[in-house]
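# Could you look at this predicted model? Sequence included:
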Amino acid sequence: MRIHFIAIGGSAMHNLAIALHKKGYQVTGSDDVIFEPSSSRLERFGILPKNMGWNAENITADLDAVILGMHALTDNPELLKAQELGLKIYSYPEYIYEQTKDKLRVVIGGSHGKTTITSMILHVLNFYQKDFDYLVGAQLAGFDTMVKVTDSAPMIIIEGDEYLASPIDRRPKFHLYKANVAVISGIAWDHINVFPTYPDYVRQFELFIDTIQPKGKLIYCEADKDLEKIVADADADIEKIGYEIPAHEVKGGITYLLPDETALKVFGDHNLMNLNAAKLVCAQLGIDGKDFNLAISSFTGAAKRLELLSSRDETNVYKDFAHSPSKLRATIEAVKTQFPDRKLVACIELHTFSSLNKDFLVQYADTMEGADTAIVYIDEKTFQHKKIEPFSKNDVQTAFKSVDLHFFNNVLSLENYIQSINFYRKNLLLMSSGNFGGLDLMKLARELNTIS
C-alpha cells in the first residue's frame with residue numbers, strides 16, 4: 001500500500017503515519033512546517049519529508065490513498081491534484097475506521113476527560129497484556145506512539161474528538177468511528193468557532209449516539225443533567241449504562257477506592273468519574289472490577305493531567321491541560337479537596353480560540369472561586385497571532401466575576417509575581433493548553449519560596 005499524508009506533521013497525523021509505516025506500508029508525506037517532537041519522530045522512522053512545503057508532484061496516480069490533515073487548506077495544491085486524479089482521499093478518522101472496521105471499536109467521547117479515560121483503559125489492558133490497537137490524544141508512559149494499528153488486534157480504543165475531521169469533511173471526528181462501545185463523559189460548550197451556539201454543540205453528541213452500532217453499549221455520566229436527558233431521549237438500539245463518582249475516601253492526601261481501600265495515584269472527583277467510566281468499559285472487554293482495581297492502582301495519570309512537577313515540604317506543583325470553564329472549575333476543586341489544609345494558588349493561561357472570544361469569556365464566571373489566589377495569564381503575542389483585540393484586566397475580572405483576580409499578559413511579570421509568593425503550605429496549579437509564553441515550569445517549581 002502506498003499512502004501519502006498531506007500535513008503529516010500534526011500530532012495524530014504523524015503518529016498514524018508511523019503506525020502505517022510499522023505495518024509495512026509505503027508512507028510519504030508533506031507539510032509547510034513540522035515542529036518537535038513530530039519532526040524527530042518522523043525522521044527516526046525515515047518518513048520525514050526532505051523539503052518543507054507543498055508540491056503537486058508528490059501526488060501520483062499509483063497512490064492507494066491520500067490522508068488529509070486539518071492543517072491543510074482547501075486550495076492546497078496536493079489536495080487539488082489528488083482530486084483531479086480521482087484518488088481516494090481520507091481524513092485520518094475515516095482512515096482509522098477503514099483500518100479497524102472488522103474490530104471491536106471503543107470510542108471515548110465527551111467535552112472533558114477523554115484522554116484520561118482512554119489512558120486508564122490502555123493502562124489496564126496493557127497491565128494484563130491484552131492485544132489491542134489504540135488512538136489517544138497524548139503521549140503515554142509505556143507507549144511508543146499515540147496511534148497503533150495492526151492486523152492482529154481484535155479491538156481498538158479510540159479517543160473520539162468532536163472537532164472537524166478535515167478541511168473537506170466537516171463532520172466531527174467521533175462520528176466516523178461507528179463505535180460498538182461508546183463513552184460520553186459530559187458536555188460543556190467548546191469549539192465555538194465551529195459550533196457557535198450551545199445547541200449546535202450538543203447536537204453533535206446526539207448524532208454521535210446515532211452512530212453507535214446496533215446492540216452496542218453507551219456508557220455515560222449520570223451527573224451531567226443535559227447529557228442524561230439526551231441519553232434518555234435517544235431511541236438508538238443500544239444499551240445505556242450510567243455512572244457516577246465511585247465510593248471513596250481521602251486520607252493523608254491519598255484517595256482510596258471503597259470498600260476494598262485500593263490506594264490511587266490520581267485524585268479528584270473528575271478523575272474518579274473518569275475511573276468509573278474506564279472500569280465499565282473494561283468490564284465490556286472481559287476485565288472484572290477486582291482485576292481493574294488492581295491494575296488501576298498503579299496508574300499515575302495522563303501527561304499534563306494533574307501532572308506533579310514538584311513536591312517538597314508541604315508544597316506541590318501541578319501542571320494540567322485544563323482550559324475550558326468546566327475543566328478549570330473541576331481541577332481547582334480536585335486539588336483543594338485533596339489538600340484541604342493547604343492554600344491553593346491557581347493560574348490559567350487562556351490560549352484557545354474559544355477562551356479568547358469575548359462573548360465566550362463570560363462562561364468562566366466564578367470558575368476560580370475555589371482558589372485562594374487566582375491568576376489569569378494571556379500571552380500578548382497570542383492576541384497578535386490570532387488577530388484578536390486584547391483583553392484588559394477589567395475585561396477578565398468582570399468575566400470571571402472576581403475583582404481579586406490577578407491578570408498578566410507578560411510572562412516575566414507573571415514569573416516575578418509567582419516567585420514573590422511564599423508557598424509554605426500552599427500548592428501551585430498551572431493550567432494551560434499552551435506553554436505559558438515559554439516559561440520553564442520545572443525551573444519555576446524548583447525555585448518557589450517554601451520557607452516557613
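Yep, that arrived.
# Quickly list the domain ranges of the chain.
2-87, 95-296, 307-446 (automatic domain parsing).
# Okay, helices next: where are they in the stretch 251-400 of the chain?
Applying DSSP state H, counting those that start in this stretch to the stretch 251-400 of the chain gives helices spanning 269-284, 289-296, 325-338, 358-361, 380-386, 393-400.
# quick one, what contacts residue 402?
366, 368-369, 374 (Cβ atoms under 8 Å, 6 or more residues apart in numbering). Glycine gets a C-beta too; all of them are placed from N, C-alpha and C.
# I'd like the list of these that fall within strands, please.
residue 374 (DSSP state E).
# now the contacts of residue 402: which count as buried?
Burial by neighbour count, 16 or more other Cβ atoms under 10 Å: within the contacts of residue 402 this picks out 368, 374.
# Identify the farthest-apart pair in the contacts of residue 402.
366 and 374 (10.6 Å; Cβ to Cβ).
# Spit out the residues that contact the two alike.
With Cβ under 8 Å, 6+ apart, residue 366 and residue 374 have common neighbours 400, 402.
# Check the gap between the spatially most central residue of the chain and residue 206 for me.
The chain has residue 115 as the residue nearest its centroid, 4.7 Å off, counting by Cα atoms, centre = their mean. Using Cβ to Cβ, to the nearest Å, we find residue 115 at a distance of 23 Å from residue 206.
# now for the helices of the stretch 251-400 of the chain, which one comes closest to residue 81?
Distance to residue 81, taken as Cβ to Cβ, is lowest for helix 380-386 among the helices of the stretch 251-400 of the chain, at 30.2 Å.
# Please work out which residues outside that closest one touch it.
351, 353, 356, 388-391, 409-410, 434, 437.
# Now do the contacts for the closest residue to residue 268 other than its chain neighbours.
Leaving aside its chain neighbours, residue 268 sits nearest to residue 334 (2.5 Å; criterion: Cβ to Cβ, 6 or more residues apart in numbering). Contacts of residue 334 were listed using Cβ under 8 Å, 6+ apart, and they are 267-271, 306.
# How about residue 324?
111-112, 188, 190, 352, 354-355.
# how far does stretch 285-305 sit from the chain's center?
18 Å (Cα atoms, centre = their mean, to the nearest Å).
# Out of the helices and strands in the protein, which is least certain?
Least confident helix or strand of the chain, by mean pLDDT, DSSP states H and E, is helix 380-386 with a mean of 80.
# Flag every buried residue along that helix.
residue 382.
# List the contacts of stretch 174-181.
Here stretch 174-181 makes contact (Cβ under 8 Å, 6+ apart) with 91, 93-94, 96-97, 101, 104-107, 109, 158, 160-162, 165, 204, 207-208, 211-213, 216-217, 219, 281, 284.
# circling back to that earlier point, will you turn the contacts of residue 324 into CSV that also has pLDDT?
CSV is the format used below for these (pLDDT from 0 to 100):
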residue, pLDDT
111, 91
112, 89
188, 89
190, 84
352, 82
354, 81
355, 86
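# re earlier: Serialize the contacts of helix 380-386 to a markdown table and add fields for distance to residue 194, neighbour count and pLDDT.
Shown next, in a markdown table, are the contacts of helix 380-386 (distance: Cβ to Cβ, whole Å; neighbours: other Cβ atoms under 10 Å; pLDDT from 0 to 100):
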| residue | distance to residue 194 | neighbour count | pLDDT |
| --- | --- | --- | --- |
| 351 | 17 | 19 | 85 |
| 353 | 9 | 14 | 78 |
| 356 | 15 | 18 | 85 |
| 388 | 17 | 14 | 80 |
| 389 | 21 | 9 | 84 |
| 390 | 24 | 12 | 88 |
| 391 | 22 | 20 | 91 |
| 409 | 27 | 20 | 93 |
| 410 | 31 | 13 | 93 |
| 434 | 20 | 15 | 83 |
| 437 | 27 | 20 | 88 |
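# Now the two most distant members of the residues you listed.
When Cβ to Cβ is used, the two most widely separated members of the contacts of helix 380-386 are 353 and 410, lying 21.7 Å apart.
# circling back: residue 452 is nearest to which of the domains of the chain?
Per Cβ to Cβ, nearest to residue 452 of the domains of the chain: domain 307-446, 4.8 Å.
# what about that closest one, how long is it end to end?
Using Cα to Cα, to the nearest Å, one end of domain 307-446 lies 15 Å from the other.
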